[in-house]
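Trainee: Got a sequence here, can you model it:
(one chain, ligands or ions: 1)
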Amino acid sequence: MREQLTAIRATATDALNQADTLAALEELRIQYLGKKGELTAVMKGMGKLSAEERPIIGQLANEVRAEIEGALEEKKAALETAAADAKILSETIDVTMPGRRSTKGKKHPLTTVLDDLKDIFIGMGFTIAEGPEVELDYYNFEALNIPKDHPARDTQDTFYIDENVVLRSQTSPVQVRVMEQQKPPIRIIAPGRVYRSDAVDATHSPVFHQIEGLVVDKGITMADLKGTLEVFVKKLYGENTRMRFRPHHFPFTEPSAEVDISCFNCGGEGCRICKGEGWIEILGCGMVHPKVLSGCGIDPEEYSGFAFGIGLERTTMFRYGIDDLRLYFENDIRFLEQF
Ligand code: DAH
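Mentor: Model (predicted):
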């Protein structure tokens with residue numbers, strides 16, 4: 001039995017040394033230490049030994065068992081470490097490699113300024129109205145006191161779908177649509193795209209944007225118009241901005257005016273942006289013409305109102321010092337990323 005144990009010790013140690021996978025180790029464990037294993041078989045036979053031999057062989061058997069168990073543990077740990085190392089090596093990442101940059105979009109400058117403008121007017125109790133871009137000649141011109149042969153049509157030549165349908169040349173038709181639907185008090189702004197058959201240059205585009213404003217109620221005067229625009233101008237261009245009204249003519253307002261602001265760049269001294277004037281024209285406005293009111297079923301004896309129209313492209317140009325309107329529509333990232 002002693003020889004048997006010594007042989008087991010030798011072959012087991014050898015086999016363990018050569019085992020190179022965890023599965024192979026497990027097989028060896030079963031082979032030697034399992035219920036039907038070689039060492040187990042020897043130990044089961046110990047009952048046949050004499051009383052003197054039993055403790056000696058028993059001790060040896062225990063030693064061999066402990067040795068095999070120890071060697072198994074050691075080898076197992078070594079194999080596991082090797083496996084973990086191999087895994088780490090195969091998954092190595094180069095932390096110095098630059099990451100993939102995700103491109104984040106942002107608002108177009110026209111959208112930013114339009115959003116600011118909406119906030120300002122909503123803050124003064126206005127709501128947002130909308131109207132169609134493909135508009136009836138009636139709303140775009142006729143109902144705004146611009147009959148077929150009126151010279152004002154020349155400055156707003158647009159694209160005709162047919163004799164009675166045009167691409168709207170201004171957002172003013174929304175005034176009429178709102179007044180037809182809604183009785184005073186009315187307080188709306190109507191931002192939107194407008195069209196004119198203009199050739200493209202630094203200050204003209206066949207497509208651009210306006211923000212129309214309309215207030216109708218009892219007792220509305222030019223002072224309300226001026227006060228409202230003053231708040232708007234100071235919020236958009238700064239508290240120190242001055243404003244002036246210049247008499248003008250629009251067929252759908254009476255009296256009419258154009259509004260200039262003191263140049264935000266030079267403060268009124270005269271510079272390249274205001275072309276030496278010190279003032280910059282920013283919008284058209286006036287008191288809603290009685291004919292327009294009554295055409296919409298609103299009695300001009302009872303109600304009065306004011307209206308204004310702001311060009312979004314111009315307003316945005318002044319806000320950021322942009323000198324060519326074509327940049328808005330060219331989609332050049334180098335331009336757009338600056339805002
Ligand atoms: N619709 C005018 C234009 O495109 C701008 C304008 C002027 C709008 C006076 C108004 C207004 O509402 O009262 O030139």
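
Trainee: Residue 67 contacts residue 8, correct?
Mentor: No - here residue 67 does not reach residue 8: they are 9.9 Å apart, not a contact under C-beta atoms under 8 Å. Bear in mind the C-beta positions are built from the backbone N, C-alpha and C, glycine included.

Trainee: Residue ranges of each domain in this structure, please.
Mentor: Using automatic domain parsing, the domain parsing of the chain gives 2-90, 109-336.

Trainee: touching the ligand at all, stretch 178-195?
Mentor: No - no part of stretch 178-195 sits near the ligand under the criterion C-beta under 6 Å from any ligand atom; the closest distance found is 7.2 Å.

Trainee: And residue 138, its phi and psi?
Mentor: phi -60, psi -50 (degrees, to the nearest 10).

Trainee: got the contact list for it?
Mentor: With contact set as C-beta atoms under 8 Å, 6 or more residues apart in numbering, residue 138 has these partners: residue 164.

Trainee: And the pLDDT at it?
Mentor: pLDDT, residue 138: 97.

Trainee: coming back round to it: so between residue 67 and residue 8, which is more surrounded?
Mentor: residue 8 (21 against 15; other C-beta atoms under 10 Å).

Trainee: and the residue in the chain positioned nearest to the ligand, what does it touch?
Mentor: Closest residue of the chain to the ligand, C-beta to the nearest ligand atom: residue 309 (2.5 Å). By C-beta under 8 Å, 6+ apart, the contact list for residue 309 reads 170-172, 210-213, 283-285.

Trainee: which parts of this protein sit against the ligand?
Mentor: So far as C-beta under 6 Å from any ligand atom goes, the chain lies against the ligand at 170, 172, 212, 250, 253, 284-286, 307-309.

Trainee: Looking at the domains of the chain, which one is packed in the most?
Mentor: domain 109-336 (a mean of 17; mean count of other C-beta atoms under 10 Å).

Trainee: Straight-line length of that domain, end to end?
Mentor: 7 Å (C-alpha to C-alpha, to the nearest Å).

Trainee: which stretches of the stretch 1-150 of the chain form helices?
Mentor: Using DSSP state H, counting those that start in this stretch, the helices of the stretch 1-150 of the chain run over 2-18, 22-33, 38-44, 53-90, 109-123, 137-140.

Trainee: Run through who's touching the fifth one.
Mentor: Going back to what we said before, that points to helix 109-123. For helix 109-123, the external contacting residues (C-beta under 8 Å, 6+ apart) are 107, 128, 189, 191, 209, 211, 213, 231-232, 235-236, 310, 312-313, 315-316, 319-320, 322, 328, 336, 339.

Trainee: out of everything not next to it in sequence, what's closest to residue 306?
Mentor: Using C-beta to C-beta, 6 or more residues apart in numbering and skipping residues adjacent in sequence, the residue nearest residue 306 is residue 225, 3.8 Å away.

Trainee: now swap in residue 294 and tell me
Mentor: Using C-beta to C-beta, 6+ apart, the nearest residue to residue 294 is residue 300, at 5.6 Å.

Trainee: Quick check: the gap between the one you found and residue 324.
Mentor: To residue 324, residue 300 is 43 Å away according to C-beta to C-beta, to the nearest Å.

Trainee: does residue 150 really touch residue 141, like I thought?
Mentor: Yes - contact status for residue 150 versus residue 141: in contact at 7.5 Å, counting by C-beta under 8 Å.

Trainee: before we move on, the earlier item: dihedrals phi and psi, the residue of the chain closest to the ligand?
Mentor: Torsion angles, degrees, to the nearest 10, at residue 309: phi -140, psi 120.

Trainee: beta partners for it?
Mentor: residue 212, residue 284 (DSSP bridges).
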